[in-house]
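1. pasting the structure only:
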């Protein structure tokens, strides 16, 4: 199973950033890439997760699983984000038991989206 | 193309609801189902989109497309939500030009998630 952690790299998280300095989202991405990335997790930077009032933000997703978006994160949260991603990797449907989630995942959820389940097309025999 | 509009049916949106009365999310779902649902749009109720501080919420998603979550919606927004869903249906990648989005979609975005793109596996010849 391949799980993707999208990280908003353009988020300034309300900070004033001098020219040439990395914004909050870019610093979060760098901290995650430098951390203990579990096998099977792909970390992908993305321009804007449209959570601009709740940045910096990340999204966990995988085919056939619930997707989760978390916000108000800092580089100091990188170890917990990676632990939470590892738990998501280990959960067959992506739904990690509440108490097994890092506190930041319990408290800083912005949204989750169910997996897309396409209803089977009825064949002539079934219809 | 089949597009899914998930609607959180458990959200109370901060309202006090008497026993037996529909909550805000259920009223939003009913208003959407009673509206001008465009062809190709499936409206699916779901228990909790984890956007509880920003309810009532809906999520638009389709295979291979960006997913979008919107919050702070009311039954009066149903016509605009359905117009926005129709525009999403018509956009090949799900990215609707900014000015073609309903105002509620421009102002009340909670998050968006990129489509899951699995990198091709290198074959022995390519590696």
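-> That came through, no problem. Bear in mind that the values here come from a model prediction, so they are computed numbers and not experimental data.
2. rest of the way, CA atoms for contacts and neighbours
-> Noted.
3. The biggest helix by length in chain A and chain B in contact?
-> Using DSSP state H, we find that the single longest helix of chain A is helix A:78-90. No: using CA under 8 Å from any CA of the partner chain, helix A:78-90 stays clear of chain B, coming no nearer than 14.9 Å.
4. How far off centre is that helix?
-> When distances are taken as CA atoms, centre = their mean, to the nearest Å, helix A:78-90 is centred 10 Å away from the chain's centroid.
5. what does stretch A:19-29 give?
-> 18 Å.
6. again with stretch A:38-57
-> With CA atoms, centre = their mean, you get 6 Å for stretch A:38-57.
7. so where is chain A shaky, pLDDT-wise?
-> Confidence mapping of chain A against pLDDT under 70 gives the ranges A:1, A:118-127.
8. Can you show me the helices along it?
-> A:24-33, A:78-90, A:103-107.
9. Output those helices in a markdown table, with mean neighbour count appended to each entry.
-> Shown next, in a markdown table, are those (neighbours: other CA atoms under 10 Å in any protein chain shown):
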| stretch | mean neighbour count |
| --- | --- |
| helix A:24-33 | 21 |
| helix A:78-90 | 20 |
| helix A:103-107 | 15 |
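10. so which of the ones you listed gets nearest residue B:27?
-> helix A:103-107 (26.7 Å; CA to CA).
11. elements contacting the closest one?
-> helix A:78-90 (3 or more CA pairs under 8 Å, 6 or more residues apart in numbering or on different chains; DSSP states H and E).
12. and the nearest residue to residue A:106 once chain neighbours are set aside, how many residues sit next to it?
-> Spatial nearest neighbour of residue A:106, chain neighbours left out: residue A:98 (7.3 Å); criterion: CA to CA, 6 or more residues apart in numbering or on different chains. Look at residue A:98: counted by other CA atoms under 10 Å in any protein chain shown, it has 10 neighbours.
13. Residue A:98 contacts residue A:104, doesn't it?
-> No: using CA atoms under 8 Å, residue A:98 is not in contact with residue A:104, being 11.6 Å away.
14. distance of the residue nearest to residue A:106 from residue A:105?
-> From residue A:98 across to residue A:105, the span is 9 Å (CA to CA, to the nearest Å).
15. Same question for residue A:42.
-> For residue A:42, the distance to residue A:105 - CA to CA - is 19 Å.
16. The longest helix of chain A to helix A:24-33, inter-axis angle?
-> In terms of direction (axes from the mean of the first three to the mean of the last three CA atoms, to 10 degrees), helix A:78-90 departs from helix A:24-33 by 70 degrees.
17. So which bits of chain A are right by chain B?
-> A:2, A:4, A:6, A:49-51, A:59, A:61-63, A:69, A:109-114, A:116, A:118.
18. Dump the helices of chain A into JSON lines; add distance to residue B:16 as well.
-> Converted to JSON lines, the helices of chain A look like this (distance: least, CA to CA, whole Å):
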{"stretch": "helix A:24-33", "distance to residue B:16": "37"}
{"stretch": "helix A:78-90", "distance to residue B:16": "34"}
{"stretch": "helix A:103-107", "distance to residue B:16": "23"}
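19. Thank you, goodbye.
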